[in-house]
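Peer 1: return atomic coordinates for the entry below.
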Amino acid sequence: MKRGKKVFITLFLGLFLAVALSTPSPTIAEGEFFWHGYKGDAGHTGFVNQKMDKKLALQWRYFFGGDYVNPLQIFGNDLYFLDRSGFLYSIQKKDATENFKVSISEDRMVFGIDMNATYIFVTTGPVYSRRGISDMSCFLTALDRESGEKVWSIKYDSIVCSPPVTYGSQVYCAIGKLDPTYTKTAGGNIYGYDMETGKETIGYEIEDFAFLGDYLTVSENVLLAEANKFDRRSRTQVPPKLIAINATSGILLWTEEPSEENRQFGMPTIKDSFVYIMENPRGGGRGGGRRPPEAWLLKIDIKTGKIIKNMNIQNENFGFFSPTLAQDAIYLNSFTGKIYCIDYEMEKIYWTKSYDRFSYFTELTATQNYLYTCLYNGEFLCISKEDGSVVYRYRVGNYGGIPVVSGDSVYVSGESLYCFSMNAVPMLLLEPSSLDFKQVKQGESKQKSFRVLYTGIEKLEGKLISSVPWLTVKPTNVNGNIQTCFASIDSAIMEAGKQEGSILIETNFGTKSIPVLIEVIVPPPLPLSWNLKEGQITNQKNFILIGKTDPLTRVLINALEIFSDDQGRFSQVILLREGKNHLILEAFSKDARTSSLQGSITLDTIPPFLEVMIRRNPSDPLQVVLEGKTEKGVLLLIEEGEYHALEDGSISIPFILKPEQTKIIVVAQDPAGNKNKVVVSIKP
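Peer 2: Presented below is the predicted three-dimensional model:
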């Protein structure tokens, strides 16, 4: 793939990655509480019809494995969410007790999540990098809500996919296509599926435009999606379209475009048969050319697509999720850090308040008397709807998500998941709530830390107990309201495979347990080789031992310590003594694997004994026999020939002399390479 294509794909996918948080759902079963997606209630307004108390206090924190991606989904007494590392979590609202944690995908990007009483729906897509994209496909997957087990899955031949949205008995998803050169949009589709079977129920297709991973909104049997069209080669970009289709039949109802081509829509919000949507300047607030930025709040008839009213707001660009529609007013949060409170006639601004810049991953959530949101600096805010003043704030860390209100509590994500409650009571907490050592090589030891906390003022006392012999915990006693502990595993005494254990914490204020997960893998034998041959003999006092093992491994040569290089190679000069020299080579890897070799090399610097004489044949003076004595294994070099002595070292070699030959040179060479030369004179 060419560099230009890589850059384009990275920017293109980055556009919807930044907003890949979650999706809404309007399905609310009688007697059950749902909170779906980015807005919350059935109309996607972001309003909860509940009066809250400003006396919030931290109830609990829950630590998860990766950066937070999706806003919370709530069903009954349980919370559900996906993190960026690809895990789906289900925890209890009251105390963050973990119901399950399952891996959705280890090598795919998470786009969004939505659910109903039976199923959880997740969309995932390809991971992009400097090397390009290996798998050009997206998936919509249905999982069982109670267990997290996969029910069905649908694959799309596209690198772009929207978060899912549930409505009635159907789940919807939109995709966008690019041409083979990745330079322009090449069509898009909206699909509806039966939740039980995954069977397609509706399909809407648009040419040239593409759905680039934005959220879908559905209410009153109308499904809204935003389509985009661009051509990178010609540097043309068509204004986006807001598309409304019938959620049951998939028939197009109407389309709407921004008033100017350099504008873009935010996320539509639906209330009382009207669509409220922001029309923002494109490109971070410039508004095109040298004009100051300005935005428009539009009110559109949901059945006809007709703009009923609009309101111009100068020098502003609003967040993707604005507006939030409460019962008393419309609330907008801007990129400049302001909140606007506007009447529904869209003629009057009740008040405006300035704050620090808002977190990109947040939105205003409204109750009867308060607004909740997160700032870019990591603070969670509770804001009075009366005048915009801050009545409660708490630092939750980076990536502050969309606050979710349920019962007497507010839930919000940051560096961990936080629960703030009007009726907070002291609680026994574990941070994190589970320990996953992942893959560990057999023989390797690892350690992880965790904290035991009690939020009350009384002194916490108790003990910690391991459930399995391969897991130890220190200290074994709790003697304070905040105590850091360490869990260590010894995989040398464990069998290969996935194993589970736990740490039980028994205290004067209750009992908790931390599940511990580990997968023990049997590492391959530690490789070790050298250049020493069996029975090797040399006449050189210095022997260069050359070997290979794993990179950066500790090696002992007769107790002399050296280390292999980053390629696993090592060498060492060995000073030999006359005679047999025994060598022991040992290697010790960082993960406790060992390997060894033993051998010997003999130093022989003494030339071999050699005694030779000639015995003539009386009948033929040119035929002689060389007779004599030498050492075992000696090679005899006579003239241009090679000969061997007998097993006992005796010499008896027939030889034919040349006419007038006066001498024979005999050289004895032993296995070490030492030589001894004898010149035998031939008498006439």
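
Peer 1: what residues does residue 338 make contact with?
Peer 2: Residue 338 sits next to 316, 352-355 when contact means Cβ atoms under 8 Å, 6 or more residues apart in numbering. (Each C-beta comes from the backbone N, C-alpha and C, glycine too.)

Peer 1: among the residues you listed, name the ones in strands.
Peer 2: Here DSSP state E is the test, and these give 352-354 as lying in strands.

Peer 1: buried subset of those as a ChimeraX selection?
Peer 2: Selection of the buried residues among the ones in strands among the contacts of residue 338 in ChimeraX, burial being defined by 16 or more other Cβ atoms under 10 Å:
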select :353
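
Peer 1: reformat the ones in strands among the contacts of residue 338 into JSON lines and put pLDDT and distance to residue 282 next to each item.
Peer 2: JSON lines is the format used below for the ones in strands among the contacts of residue 338 (pLDDT from 0 to 100; distance: Cβ to Cβ, whole Å):
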{"residue": "352", "pLDDT": "95", "distance to residue 282": "24"}
{"residue": "353", "pLDDT": "95", "distance to residue 282": "26"}
{"residue": "354", "pLDDT": "94", "distance to residue 282": "24"}
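
Peer 1: what about the strands in the stretch 151-300 of the chain?
Peer 2: 160-161, 165-167, 170-178, 185-194, 200-206, 217-219, 222-231, 236-246, 252-256, 263-265, 269-271, 274-281, 294-301 (DSSP state E, counting those that start in this stretch).

Peer 1: put together a markdown table for the ones you listed, with distance to residue 113 and mean neighbour count on each row.
Peer 2: What follows is the strands of the stretch 151-300 of the chain, written out as a markdown table (distance: least, Cβ to Cβ, whole Å; neighbours: other Cβ atoms under 10 Å):
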| stretch | distance to residue 113 | mean neighbour count |
| --- | --- | --- |
| strand 160-161 | 13 | 26 |
| strand 165-167 | 10 | 27 |
| strand 170-178 | 11 | 25 |
| strand 185-194 | 16 | 21 |
| strand 200-206 | 21 | 16 |
| strand 217-219 | 16 | 26 |
| strand 222-231 | 18 | 22 |
| strand 236-246 | 23 | 19 |
| strand 252-256 | 27 | 16 |
| strand 263-265 | 23 | 20 |
| strand 269-271 | 20 | 25 |
| strand 274-281 | 23 | 24 |
| strand 294-301 | 28 | 20 |
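
Peer 1: quick one, which of those is nearest to residue 561?
Peer 2: Taking Cβ to Cβ, strand 160-161 is the member of the strands of the stretch 151-300 of the chain nearest to residue 561, at 55.5 Å.

Peer 1: so which elements touch the closest one?
Peer 2: Here strand 160-161 touches helix 3-17, strand 119-126, strand 138-144, strand 170-178, going by 3 or more Cβ pairs under 8 Å, 6 or more residues apart in numbering; DSSP states H and E.

Peer 1: list the contacts of residue 520.
Peer 2: 440-442, 491, 494-497, 499.

Peer 1: let me fix that: residue 456
Peer 2: Residues in contact with residue 456 (Cβ under 8 Å, 6+ apart) are 426-427, 481, 509.

Peer 1: 6 Å instead?
Peer 2: Neighbour list for residue 456: residue 426 [criterion: Cβ atoms under 6 Å, 6 or more residues apart in numbering].

Peer 1: is it fair to say it lies in a strand?
Peer 2: No - judged by DSSP: H, G, I helix; E, B strand; the rest coil, residue 456 forms no part of a strand; its state is coil.

Peer 1: report pLDDT for it.
Peer 2: pLDDT, residue 456: 72.
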